[in-house]
Every structure is written in C-alpha cells, then in structure tokens.
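Enquirer: Here is a sequence with its predicted model. Questions after.
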Amino acid sequence: MNRRQRTGFYILVILVSLVVVFPFVIMLSYSFRTSTDIFSLDTGIIPAHPTLHAYGSALFNYSIAGYGVFTWGINSIVVCGVATIAAIYISALAGFGISRYRFRGRNLLWFLIILTQLVPWIAVLIPYYSLLVQLHLLDSLASLGFTYMTLFTPVCAWLFIGFFQGMPVEIEEAARIDGCSQLGVFHRIVLPLATPGISAVALFAFVIGWGDFLMASVIIRSPQNWTLPLGLVSFRGEHRILWAESMAVASLITIPIVALFLYLQRNLINLMTGGVKG
Amino acid sequence: MRKRRSRLTLDLAGYGFVAPVVLVIGVMIIYPIIRSFIMSVTNWNMASGAASHAFVGLKNFKSVFELSEFGQMSKVTLLYTVIGVLGKMYVGLAVALLLNRAFRGRSIVRALVVVPWAIPSVVVATVFLISLDPTFGIINGTLVHSGIIAKGIPFLSVPALAMTSIIGVAVWRYFPFVTLMLLAGLQGIPKELYEVAAIDGANAWRRFLHVTWPLLKPVWSIVLILQIVWTIREFDLVYLITKGGPGSSTAVIGVDIYLNAFRYLRLGTAAAESVFLTLISMIFALFYMRAVRKSEGKS
Amino acid sequence: MAILLFSAVATAFLFANGSQEKGKVQQATVKWDQWWYSDPVRGPNVTWEIQEFEKTHPNIKVVPAAISSTAYWDQIPLDIASGTEGDIVTLDTGAGMNQYYNQRPGGAFVDLKPYIKGYTLPDGTNLEKDIVLLDQMDRNGKTIALPFLWFAAPDTAYRKSDLKNAGIDPSQLTTWSGYENAAKALAKDGKYGFGQPDSQDVLSRWWLMNWLWTAGGGIFPDEKGPYTADRLIFNSQANIYALTYLKRLIDEAGPSGQKSYPELEALFANGNLATMQIALWGVGNLQKNMKPAGSFESDLGLAPFPSLTLDGVTHKPVYVAWGNPLALSTLSKNPKAAFEFMAFLDSKAVQERETVAAAPVNTLVMPWYKEHFPVQYTFLNDARKYTFRIVPDIANWNQWDHVIQESLNAALLGTKSVKDALDWGQQQMIQLLKQN
C-alpha cells in the first residue's frame, strides 16, 4: 500500500470506529446534563453544564408507585440470572448429547432446535399471554423467568452443539475408560473444560433477557415487578419526559454489558463462528 | 451381543441428555405455536380462551389479506428487510475486509466493533429517539447550530425519513455480527492464495472476486439467511422508535402483530399474521440447514 | 394436559416466590385502575385519598394500579377483555365508554343505580342531586359509571409580554384569521408562535377534533347517531378547511417535527413558545413550571378557543369536554367496598384536592373552586359559554381512533394531501362500520 492508500485506509478505520461508538458517546453525553438543560436546547455534544444530577435523580429520586431503579435492577438480575442458569444447564446437556451421541431422532431434534431458535418471539407471545391469563399467572416475575428460560434454551443449545463439536473427545474417552459414568463425565470433566464456552453462552443469553422489552411489557404489569427495560421506557411519559435521567439509567444498564462483552469477546466470537457453522 | 448392548446404553444416555430440552421445547414452544395455529382458524378472543372457539376456517386469513393494511404491511416489511439485510451484509463485509488487514490498533478497533451489538435494543432505541429529535436532538442541534439547515429535520415524522432512520439504526446495530462472522471466514482463507494471485498480476478487485469470494460464500450464505430471519421478525427497535408510525409507514410485521393483538384487540388477525410469519421463518430454517450442510461438505 | 404440566411447574416456582397472605382479618382489597398514580403532581393525591379513606374504613384496603398514562388506554381494553382489570376502572368519556363496557358479553361494568340511590356522604353530598354529568353515564338504562372529575380543552395560553412586544392585542387570538396573523408575527428570533400537540401519541379526541368541530365538520354531524355510512362527514369541506389551516399554522409558526403536549409545555414554560393550546390540567403544570418565577401570575394570559368566520357565517368554538368517571367491574369480589371508595372520591375534601388538575363534579365545591383556582375557573367559564362535544361512543372506538390519528397525522405532516388523507379516513371508517 502506498502512502496515499495508507492514509485513506486509516481514515476509514477511524470513521468506522467513530460510527460504531457514536451513539454510546451520545448516551453518556446526555446523561451528564439535566433535563431542563436539554429542554432549553442545549444540544451540543459536550454538555454546557456537566453534572451528575441526572444519575442521582434517576437512582434516588425517581420512583413509580414507590419502586425505583434499584428494585427494577434486582428484578432484572434475578429473572435473567435464574433463567440463564436453567437454560444453560438444559442446553449444555442437550448440546453435549447431540454432539457426542448418535441416537435415533438426533437429526430431527437438531433440526427442531434450529427451527425453534428461528421462531419469532411474537408468535409465541400471543398463545403465552392467553395461557397466562387463564392460569392467572400474569404479572409474575416467575412467569417471565420461565418465558426467558424457554426462549433462551434453543439458542443456547444451538450454540452448545457447535461448541461441543469443536471440543476434543480424548479426555472424555479416557475418563469413560476409567469407569466414569456418562453423566459423571459430563459434570466432572466436560463442564469445567467448557468454561470459556459456557461463560460466552451465558453472557449471550443473559443479555437477551437483560434487554428484552417485548415479553416483559406484555407479561409484567405492576411497577414492583418491572425489569430495567420497562423502567427505562417509563422515563418518557405523557406529562413529562426525563431525557437526562433516562440516559443515565441507560448508561447504567449498558456499561456493565459492554464491559462484559469486551472482556469475553474472544470466547464469544469463537462460539458464534462455531455455532453458526453448525 | 456386546455391541448391541453398548449401543442401547449409548442411545439411552443420549436420550437422557436431551430429555430436558425436548421437554422445554415441546411443551413450551411447539405446543404454544400449535395452539396459535389453532387460534388463527377460530374466532377465539382473549376473554374466552380455550373454552369457546368456533371453527371459522380461513376467515381470519381472508380478513388479513383483505384489509387494506396488508398490502401496506407487506410492502413495509419487504422494504425494511431487503434494504436492511443488504445494508447489514455489505457494511459488514466492508468493515470485515478492513479489519482483515493487520494494522496498528486493529485489536482495539475489532473490540469496538462489538459495541453496537452489545448495547441492549431498548437502550439503542431510546438513544436514537432523542438523538433524532428535531428540536432537542444532538444531530439536528449540531446541524442547525453550524448553520447547515434552518429548522430541524423531522426524522421520525416523515414516512420516508422514518423508514430510513430505522433501517439505519438496524444496520448500525447488527452489522457487527456480520463483520465478526465474515472476518472469521476471511481469516480462514490461506494467505498463499492471495500471493499466488498477486504474482499472476491480479489487482485487488480481481483477487477479491476470484480468491476471497468463492471461499467466503459458504459463510456468507449462512449469515445472510440468519440476517433475513432476524430482520423480518424485528420488533424492539422499530416499536420503541416509531411504534410503527408515522401512520403505518414503518409497521413491519412484528409490530403489526403486536398492535393487532394488544392494542386493537383484533386477535384473529394477529394470530393469522403470526402463523404467516412462523411459516416464513420455518422455510428459511430449511434454507439454513441446507446452507450449513453445503458448507460442511465444502470443508 | 400440557396445561397441567405447565401449571404444576409454575406453581412450584410460585411457592418459591412466596405465598399470599391467607387467613388474615376480614379485609376487602379493592384495586383501583387509574393512570396518574405515577405522576409527580397528581400521584400524591392518590396516596392521600387512600390514606384518608382507610382511616374511616379500616376493613377496606385500596390498592392503586400504577399504569402509565401512555399505556393506560391500550392496556385497559386488553385487561377487560382478559378479565384482569381492577375492581374500580377509571374511564375517559372522551374515549367513549362503549369500547370498554362491551369488551365482555353482557357488559363489563355493574349497574350503579341501586348503589347511588339514596346515598349521602358524611359531608352532606347527595350522590343523586349534587353530582353533575350522571345522566351522561347511562347505557341501555344502566348507570355504568360514577362521575369523578371533568375537563375541557383547549384554551389558548399566551405570554402577555410576547404579545405586547409584538404589538398584538390578545383579542386577536379569538378568531382564526387573527390568530394566524398573530402567530406568524410572534414566530421570530428563535421563538415559536403556535403550539399545537400533534405527535404520534397525542390523542386526536383531545386535541384535534375541536378544530374540525369548530369549522363545522367532524366525523358525523354533531357526532350524534345513528352511526351509518351515509352520515359520515369525515372528508367534508369543513374538515378540509380546518386541517389546511392547522397545517399552515404549524408549518409557519410552530416548532418543527411532531410535538407532544409535554414538549410544548416545556417550550412554553421556558419562554421559547409564545402561544399554545392548553388543557385545563395544563394550567396546574404551568403553575409549577413556568419560568421565570412569578411569570405564571403576571405573564400568563388565557384566551378562549378562536371562532371561525367563513363565507360570512361565524362558527362559535366547540370545546372538547370529557369526564373521568369511575366504573365498577362485574368481576369485582368486593363491589360494596369498592363503591364505598368510589363515593368517597366524590366527597368535598377529595374533590377540592383533585381540582389542581381538573374540574370538580361535586357542585357543592364550585364556590371554593372559584376562590382557590381563579385561572382554571376562568378557563372553565370561557368554555362554558360555548358548546361541548365528545367523539361518538362507538363500540370499536379504539380502531376509529387509530384511523383518525393516522389520517390527521398524514394531513398535518404533508405525507398525503389534506383531501387524500381525509378521503382515506372516510374509506376506512366505512370499513369499520361494516365490522359491526
């Protein structure tokens, strides 16, 4: 590459980096203002009067029916966490089973897993809603947790199949020869070895639930059961719009996730490439 | 004798491992989907649940097609999907090609590229909602401030602009996935092939066409199909930014189903539309399996 | 079968979640559906009302639902259809009552006539005599709701100083042509001259219908039945005129992009908007937010909605008026307890408290209202001089609302010509009538 091509190349690289990060920066920038500033048309990228006021207000002064960001955060963590753990366990078992054993119906099951992974959530939501209404289980975090577990499982299983297919079998064989049971091999040998894969799949699933709006908005009603996405959307009401506070909450929702993604990105990428290619 | 017994044991073990997932998928996904198929051919309404359906045949489907909205909704969905997928694929490819070269800071840029994908859709929608605001948003604010335009551009209030905006947001959000997949594919192409082609006098474009593209195609096909399926069913981004508006100019099928079911309470219509969407997804699932098998065959 | 399995597993989950209080004292729990519990201005009223009520009714526990005002109007019909609404459902007569009442066969609300008969509150309010708008709560001979508060919209709010600086006499704002000239003159130096809510979420039945009605148009003549296709006037000349005027004014003197009410209120309060269309409850907001301090008292002017003179005929303004009555769900397990609370909400103490944002239905409170909220009282008196109207109370009003929204939005945005937008709306309405 000659000099001019090199400069052109680096310009492109910088452009891409800016585009990719731009909304994230906007989010942070707006979070360091007050809502009144925004309504007074302070729209530059650097806030005129930078302040942490929005964070304080969102975390400590904002509540709907007495429940605030802390409650919603805990709800989100618990629901997504429990659903993820359950889904991971079930789908790791399944992924391992499909990749290691050849049993009748294996290919059909694999196909079903792919199929259900591609099913649009909205198609499942309507019968779910009517079922939950009949069982009087609406507005319950347990129902939401169940729903998440159900919807995480096919994706996780799909990823695990790919992951386990890429894992060498020698150690397992050795353990089996040593007399270890099938399940024992799984728990004692495979799971520990699969930690990078598991952490990536877990992150993947957790984040799907963490950011879910569709299911939560239909299943959950009372503010005490809200998850963070529902809480975030509530900042934009009919009689007041708290942009700065909502950006503050958005930042709090996003930063841990982005950090985790960056930390685990190598595992994640390997997982996706392995899983996607079957 | 011994072989058959260990075969049976292996089979049983296999079944044991997959039993939980079969339970979950069967009871909690397949059963509701079948139920929704049934709902779409009855005059079921929310209050009666399973109790009183009367079979009405294809009446719901007919009314979906007859509604003047169906044409609109299909047009909108098609536009959003086609342009969105093309955008994601080609932007993804371009950035992947960029990242395929070694340069200083590459690992940092590659890490940054993950960011759009990592941010939850809810947050993406909220950020763009305020950024695009004609009066209070940063984009218009900057343009007006620097004198480029006089009055803010109503990005989300004019159908053409609203559609462009949501497609833009979707491309921004999902191209990293394409980039990372294609990058992995690109890095599997042996460098020697390029060197040979260069020696043969091929320029960059010909090298791409004759070396890169054929070897990238398997991954490309798989990613393309996945993007199509994921884009068609997009809900969160569209609903949270435009709610399907202005009017119904951005009401893609996912949003339309939601509005029909939960706002207009036209449940038969919603069920029929969701059957439609599910069938399309299933067809693409078959394409996906085929593409995967083909790529396995190749490697 | 699958339901059994599902519910078995779910029940296990639920036990982990903690069980309900069982076997406590005979307490009736009443759930109250409304949309302002989370509002910083009106929300505390709900808490206060419940506390006061429970002091004198220790066996009744009232639980307020916390549904946002934007989600409420879509959620309530869904809840009613699913049978999950609260014991007390606050309605909006502007949204029609039929679309809520008819979500369940046989009607979703209890006939309140036997409850109201002879009921007198401890403070002397006689429900049959001292509550206005009761007659509007009749459907098929049943009284399906109890009035609680009512509103009117809109008046024109303006900044006296802005008008003075532009040399405009406030009386100019009382005619369509005068208002247009004033708005254009006021829109300069980064300020806007005309604020009309027109965003996606803005409900046409509160903010846009009055323009159509004043011009002599609407959906049906005077919005009265029978609601048949041959009586539709949605694409009439009157509507075309009104929409064209409105679009012109917004384009020439209003802030760009579709604006919601709180956004306009913020612009007005900060001094960036000289006039805006305001509702009764908006006055209360301005009292808190208008800057600089003291400008609410000295700088806020209210002018009645403008009248239109067209072809020599003067059309007096038609105001939107609606009420927020309380309905009692047929699925309530404690109807008597629920009604006790509903009646309590019509007592003088509660009415005085709620009128920060609304007009009281209890006539015994009016003299107090005049003394304590003179600005709002003026607003109401302005409105009372003219006609009040609400949109047709059609069973599937939800869908009509959507058609009207879409049609008016398309016209105001310019994505369809005004005539095309209204023609489209008319066609859709004909289809909707066929659905019934």
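Expert: In hand now; what should we look at?

Enquirer: For chain C, what's the nearest residue on chain B?
Expert: residue B:134 (3.2 Å; C-beta to the nearest C-beta). (Each C-beta comes from the backbone N, C-alpha and C, glycine too.)

Enquirer: now that residue: how far from residue C:256?
Expert: Distance of residue B:134 to residue C:256, given as C-beta to C-beta, to the nearest Å: 5 Å.

Enquirer: Enumerate every residue touching the residue of the stretch 151-278 of chain A found nearest chain B.
Expert: Closest contact between the stretch 151-278 of chain A and chain B, by C-beta to the nearest C-beta, is at residue A:211 (2.6 Å). Neighbour list for residue A:211: A:229, A:253, A:257, B:120-123, B:236 [criterion: C-beta atoms under 8 Å, 6 or more residues apart in numbering or on different chains].

Enquirer: repeat for residue C:358
Expert: Counting by C-beta under 8 Å, 6+ apart, residue C:358 touches C:149-151, C:280-281, C:324.

Enquirer: what do you get if the cut-off is 10 Å, keeping everything else the same?
Expert: Contact analysis of residue C:358 by C-beta atoms under 10 Å, 6 or more residues apart in numbering or on different chains lists C:42, C:148-152, C:279-281, C:284, C:323-324, C:351, C:376.

Enquirer: and residue B:261, what pLDDT?
Expert: Note on residue B:261: pLDDT of 85.

Enquirer: Please enumerate the shared neighbours of residue B:134 and residue C:256.
Expert: Residues touching both residue B:134 and residue C:256 by C-beta under 10 Å, 6+ apart: B:140, B:144, B:151-154, B:157.

Enquirer: Would you confirm that residue C:32 belongs to a strand?
Expert: Yes: per DSSP: H, G, I helix; E, B strand; the rest coil, residue C:32 lies within a strand segment.

Enquirer: list the helices and strands the helix or strand where residue C:76 lies packs on?
Expert: Assigned by DSSP states H and E, residue C:76 belongs to helix C:69-82. If you count contacts as 3 or more C-beta pairs under 10 Å, 6 or more residues apart in numbering or on different chains; DSSP states H and E, helix C:69-82 packs onto helix A:121-134, helix A:214-219, helix A:228-234, helix B:253-262, strand C:28-33, strand C:88-90, helix C:98-101, helix C:397-413.

Enquirer: and the contacts of residue C:358 near chain B, which?
Expert: Applying C-beta under 10 Å from any C-beta of the partner chain to the contacts of residue C:358, one finds that nothing falls near chain B.

Enquirer: hang on, the earlier thing: closest one to residue A:143 out of the shared contacts of residue B:134 and residue C:256, please.
Expert: Of all the shared contacts of residue B:134 and residue C:256, residue A:143 sits closest to residue B:157, with 37.0 Å by C-beta to C-beta.

Enquirer: Distance of the residue lying closest to the closest one once chain neighbours are set aside relative to residue B:134?
Expert: Excluding the flanking residues, the one nearest residue B:157 by C-beta to C-beta, 6 or more residues apart in numbering or on different chains is residue C:258, at 4.5 Å. Distance from residue C:258 to residue B:134, counting by C-beta to C-beta: 8 Å.

Enquirer: and if you look at residue C:251?
Expert: Plainly put, residue C:251 is 13 Å away from residue B:134 if you go by C-beta to C-beta.
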